[in-house]
Each structure stands twice: as C-alpha cells, then as structure tokens.
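J.: I need the structure of the sequence given here:
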Amino acid sequence: MLVARNERESVQIALRPKVSWTGNGNAGNLQVHCSDLCSSSGQRLEVGRSLTLRRVVPILGVPDALVPVSLPSARISLLPGETSALWVSVDVPSAQQPGVYEGEIFITAVKADADSTVEEVSDIDKHEVRRGLEESLYVAESLHEKPQEEMLEGLRAITTGLRRLLQAPLLSASSENGSMDMDGDGQEASTIRVKLSVTVWDFVLPVTPSLPAVFGISETVIEDRFGLEHGSEDWYGSLDMHYQWLLQYRISPYFCRWGDNMRVLTYTCPWPADHPKSEEYYSDPRLAVYAIPYAPVLSSTDAAKDVLRKELEILKRKPHWKKSYFYLWDEPLNLEQYDIIRRMSGEIRAIAPDARVLTTYYCGPSDAPIAPGTFEAFVKVPSFLRPHTQIYCTSEWVLGNREDLVKDITAELHPENREIPNLNMWSIMPWIQK
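T.: Numbers count the residues shown, from 1 in each chain. All right, here's what the predicted structure looks like:
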C-alpha cells in the first residue's frame, strides 16, 4: 500500500472456506489477529488506532456495510460456499515519519470445541491480563540506569509475572483449545499469515480537502430508522454522529428534508448560527464547504424569513463564510421552477450579495424556447439561472462516455462571476447504529 501522511487507504481480504469444521450451519470460525506495522527505525502504526479492521456485511443482499471488529484479535464466522471479506484500513497521522511499515495479519481456523470456551472468558480475565502486562512494562521501564544487581532482580520479577500471565484463563483457553486450519484432507495446516507492507510518503495531505465531496443525508430517514422525534436531544445526537462519521472520511455532509415538488431544505449544522455548536461545525478545518438552511423553503412565513435573515447576518461576517452555499431545489424541470429558484436566490442575495447558490440539473427547462430534450437546452441552463446560481451541479450519467461535452458545458460558465461546474452530489442512507 502507498499512503501519504494524513491519508487513509484500504484493502480487502477475501475468505472462502474449502471445508466445514463445525456442525452448527457455519463452515467454521476464524480467529483474526493483527500486529502493529513497524518500520526499520522503530516507528509504529498501531493496531486499533492507525490499523483498523471491519467485516463487510451484506445489506439486502449487497455487500455494503462495514462493521468494526475488535482488535488486535477478533473472531468471525464463515458460511459454507460463500466468500466473506475483511476491510483493512490504514490511517496515517500527519506527523507520522515516512518509511516502509510492515506487519502481519494472522488468520486461523478455531476448533469446534473452542467456540464456547473462548466466549466464557470474561472481561475480568482480560483486565487481569492487561494489568499484569502493564505492571511488567512498568518494572522494565524503571530498570533504566539501575545497578546490575537491581536490574537482574527486576528481570526475575518480570519473568515471574509473565509466566503467571501465561496461566491466565484468557491465554490458557486460547492455548488449550488452540486454533487450527484444515486443508482439503482434514489435516492440520499452519496459520495463514497475510503480510502487509505500507509505504508512507514524505508529504502531507491538507486537512481541508482541495476538492469538496458533498454527501446528503435525509433527516426523515434518520427519524424513521431510529425512531427519533424531530428536534429531540437524541435527534441532535444522531445527526452529530453522522456528521462526525462522514467528516473523518474527508466528506462535507449536509442534512436535508424535502418540501413541495423538488424544493429541499439543506443544512450542514442542525443548530442555529448563534449556537456554540454552529461555530464548532463551520470552523472545523476538515469541512470543505457547508450548506446554510433556507428556512422559507418549507414555510414561507414572516417568521421563517426572519430566521433566514438572522442566520445570514451572523454567518456572513465569519471567516468561514467563504465555505458556505445554499442548495434550494433539486433538478428543476421547467421555467416556472427556474423562476422559483431565481426568486429564492434573490431573497438571499438581497441580504448577502456574495452568497453562493448551488443548483443540480440533468436537462434544460422543458418549456424553454429551445428544442426540449436536446443537449443544447442542457448546456444553456446557466443562461436561465444567471446570476442566481454560482455552482452548477450536473449528473455524470448525462455525459456518458462523451468527455468532450465537458468543454461545451464549461464554456457556458462565467468564472469571473465565481461560476463553477461540479458533478452531482450524492445522497446516502444512514447505517450508523445508535
């Protein structure tokens, strides 16, 4: 793997059993153990922090969800005749020293009679082992610059402690029940060792992505999936969890609620601009862009317009204002809908003239004085929305394999007016568990 500092890269390990070694409907259980990734200079990418492991789990028959597994060791089950996958990710911190880091992932079949015994190991047993290791480490570190006699006494104490740990239930269960692979003839085979080599390059990716990736999440789907009441404490907590989750993947998220036709309320921060969480969200350097809610999109009342004005008056004076945009309507189809976009944008720009509006589209207005359904109508969309849209966001499927058409689209834009092209944003469904 080749990784820059402040970058994440992932690989998959596919597992498919040749034989079954349990009688409970599974092909068998595997013990997966990961080691730290170490460089020749002694630097480490620690397992559980920089090296993580997830199980690829099907959703509606499609391998989609990435479910974390415990590290450094975990147990997984395999089904007969099916291929399972492990998703291995390496996160390299910005301050990590460049170099080649190597480690191993050990994959071992667990005996059938080991299944119940391993599960009987309690958290207390794990705590005892951890405490014993910490005590041994403390003794070892305290021996630096000690006289030889004290150093030998300390080494004897460490040896005694480690021998005692080997008798702990957690380790003895693993040793007694063991682990074994089965080859095609039912004979024992050695553990599969997957060697992992990661080259960390000597440059750092910027904290703020240079190319914004904007993903939308339906707030109504979150409410329905998790049974949350809109505006409740748990509702805010769930939205914050989704926001933080996406941000770590260099994605600038927004939440949305659909109004009439294809009007859409979009916002990155569920709290108002005068709330402390708002500044925390918008000033986060990992956030490339953020959506401001246009409250009148759902209810064009004086109260909603006052909310909009208050948001703009606060945000337009902030240093992060340049990251902001409005997303008002999803893929307008006719001149009436284009007029509504222009009106909403006009209300916004009357308060904040440098505000940016994003509009998605895949065709031109069907009732425009241009042949409907033609590529010419599609290319001319900016002329119908100027100056009330600055970010023109189209779908990749419209272009197909015709990359030459991109030049025709960009030729219609006016960069001097901050008009920029973009590929269509994507909406995602929430899979985060509460």
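
J.: Hmm, T359 is touching T389, no?
T.: Yes. With contact defined as Cβ atoms under 8 Å, T359 reaches T389; the gap is 4.5 Å. (C-beta placed from N, C-alpha, C; glycine too.)

J.: Which neighbours do those two have in common?
T.: Common neighbours of T359 and T389 (criterion: Cβ atoms under 8 Å, 6 or more residues apart in numbering): I341.

J.: just to confirm, which helix or strand has V67 in it?
T.: Secondary-structure assignment from DSSP states H and E places V67 in strand 62-68.

J.: cool, W87 as well?
T.: If you go by DSSP H and E, W87 is part of strand 84-92.

J.: Return the list of helices and strands in contact with that strand.
T.: strand 2-5, strand 7-15, strand 51-59, strand 73-78, strand 192-204 (3 or more Cβ pairs under 8 Å, 6 or more residues apart in numbering; DSSP states H and E).

J.: what about 6 Å?
T.: For strand 84-92, the packing partners by 3 or more Cβ pairs under 6 Å, 6 or more residues apart in numbering; DSSP states H and E come out as strand 2-5, strand 7-15, strand 51-59.

J.: how about the shortest one: buried residues?
T.: Okay, so that is strand 2-5. Buried residues in strand 2-5, counting neighbours by 16 or more other Cβ atoms under 10 Å, are found at 3-5.

J.: With the second one instead?
T.: When neighbours are counted by 16+ other Cβ under 10 Å, the buried residues of strand 7-15 are found to be 7-8, 13, 15.

J.: export the residues you listed to CSV and tack on pLDDT and distance to V289?
T.: Shown next, in CSV, are the buried residues of strand 7-15 (pLDDT from 0 to 100; distance: Cβ to Cβ, whole Å):
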residue, pLDDT, distance to V289
E7, 95, 20
R8, 94, 20
I13, 94, 35
L15, 91, 39
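
J.: Which single one of those residues is nearest to E331?
T.: R8 (32.1 Å; Cβ to Cβ).

J.: need the contact list for the closest one.
T.: Going by Cβ atoms under 6 Å, 6 or more residues apart in numbering, R8 touches 89, 91.

J.: Show me what it bridges to in the sheet.
T.: D91 (DSSP bridges).

J.: what about the strand holding V67, average pLDDT?
T.: Strand 62-68 carries an average pLDDT of 83.

J.: ok now that strand, how far from the chain's centre?
T.: From the chain centre to the centre of strand 62-68 is a distance of 12 Å (Cα atoms, centre = their mean, to the nearest Å).

J.: Residues touching that strand, excluding its own?
T.: By Cβ under 6 Å, 6+ apart, strand 62-68 touches 54-57, 59, 87, 431.

J.: mind listing what's buried in it?
T.: L66.

J.: partner strands of it, parallel or antiparallel?
T.: Here strand 62-68 is paired, per DSSP bridges, with strand 51-59 (antiparallel).

J.: Give me the buried positions along the strand it pairs with.
T.: 51-56.

J.: before we move on, back to that, check which helices and strands the following helix or strand past the strand holding W87 sits against.
T.: Under the assignment DSSP H and E, the closest C-terminal helix or strand after strand 84-92 is strand 99-110. When contacts are defined as 3+ Cβ pairs under 6 Å, 6+ apart, strand 99-110 sits against strand 28-34, strand 192-204.

J.: got the angle for strand 99-110 vs strand 84-92?
T.: Per axes from the mean of the first three to the mean of the last three Cα atoms, to 10 degrees, the angle that strand 99-110 makes with strand 84-92 is 150 degrees.

J.: Output strand 99-110 in PDB with nothing but the alpha carbons.
T.: Coordinates of the C-alpha atoms in strand 99-110 are reproduced here as PDB (Å, rounded to 0.1, in the frame of the first residue of the first chain):
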ATOM      1  CA  GLY A  99       9.200   5.000   5.500                       C
ATOM      2  CA  VAL A 100       8.100   1.400   5.000                       C
ATOM      3  CA  TYR A 101       6.000  -0.200   7.700                       C
ATOM      4  CA  GLU A 102       5.400  -3.900   7.800                       C
ATOM      5  CA  GLY A 103       3.200  -6.200   9.800                       C
ATOM      6  CA  GLU A 104       1.100  -9.300   9.600                       C
ATOM      7  CA  ILE A 105      -2.500 -10.400   9.800                       C
ATOM      8  CA  PHE A 106      -2.900 -14.000  11.200                       C
ATOM      9  CA  ILE A 107      -6.000 -15.900  10.200                       C
ATOM     10  CA  THR A 108      -6.500 -19.200  11.900                       C
ATOM     11  CA  ALA A 109      -9.400 -21.700  12.000                       C
ATOM     12  CA  VAL A 110     -10.700 -22.300  15.500                       C
END
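
J.: now what about that strand, what contacts it?
T.: Contact with strand 99-110 is made by 28-37, 39, 45, 179-182, 191-200, as judged by Cβ under 6 Å, 6+ apart.

J.: Now the buried members of those.
T.: Looking at those with 16+ other Cβ under 10 Å, the buried ones turn out to be 28-37, 39, 45, 179-182, 192, 196, 198, 200.

J.: now the angle from the strand holding V67 to strand 73-78?
T.: Interaxial angle of strand 62-68 relative to strand 73-78 (the same axes, to 10 degrees): 160 degrees.

J.: which of the helices and strands packed on strand 84-92 has the lowest average pLDDT?
T.: For these, the weakest mean pLDDT is recorded on strand 51-59, namely a mean of 88.

J.: tell me the angle of that strand relative to strand 28-34?
T.: Between strand 51-59 and strand 28-34, the angle comes out at 150 degrees (the same axes, to 10 degrees).

J.: Mind putting the buried residues of strand 7-15 into JSON lines with distance to L137?
T.: Output for the buried residues of strand 7-15, formatted as JSON lines (distance: Cβ to Cβ, whole Å):
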{"residue": "E7", "distance to L137": "31"}
{"residue": "R8", "distance to L137": "30"}
{"residue": "I13", "distance to L137": "31"}
{"residue": "L15", "distance to L137": "34"}
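
J.: Show me which pair in these is furthest apart.
T.: Comparing every pair within these by Cβ to Cβ identifies E7 and L15 as the most remote, at 26.5 Å.

J.: Can you give me every residue that contacts S20?
T.: By Cβ under 6 Å, 6+ apart, S20 lies in contact with 27, 80.

J.: Name the helix or strand for the residue sitting furthest away from the middle of the chain, please.
T.: Farthest-out residue of the chain from its mean C-alpha position, per Cα atoms, centre = their mean: E149, at 53.3 Å. E149 is located in helix 148-166, with elements delineated by DSSP H and E.

J.: before we move on, the earlier item: including distance to L133, could the helices and strands packed on strand 99-110 go into CSV?
T.: CSV is the format used below for the helices and strands packed on strand 99-110 (distance: least, Cβ to Cβ, whole Å):
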stretch, distance to L133
strand 28-34, 16
strand 192-204, 24
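
J.: Put together a markdown table for those strands, with distance to R250 and mean pLDDT on each row.
T.: Formatted as a markdown table, the helices and strands packed on strand 99-110 follow (distance: least, Cβ to Cβ, whole Å; pLDDT from 0 to 100):
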| stretch | distance to R250 | mean pLDDT |
| --- | --- | --- |
| strand 28-34 | 24 | 87 |
| strand 192-204 | 14 | 94 |
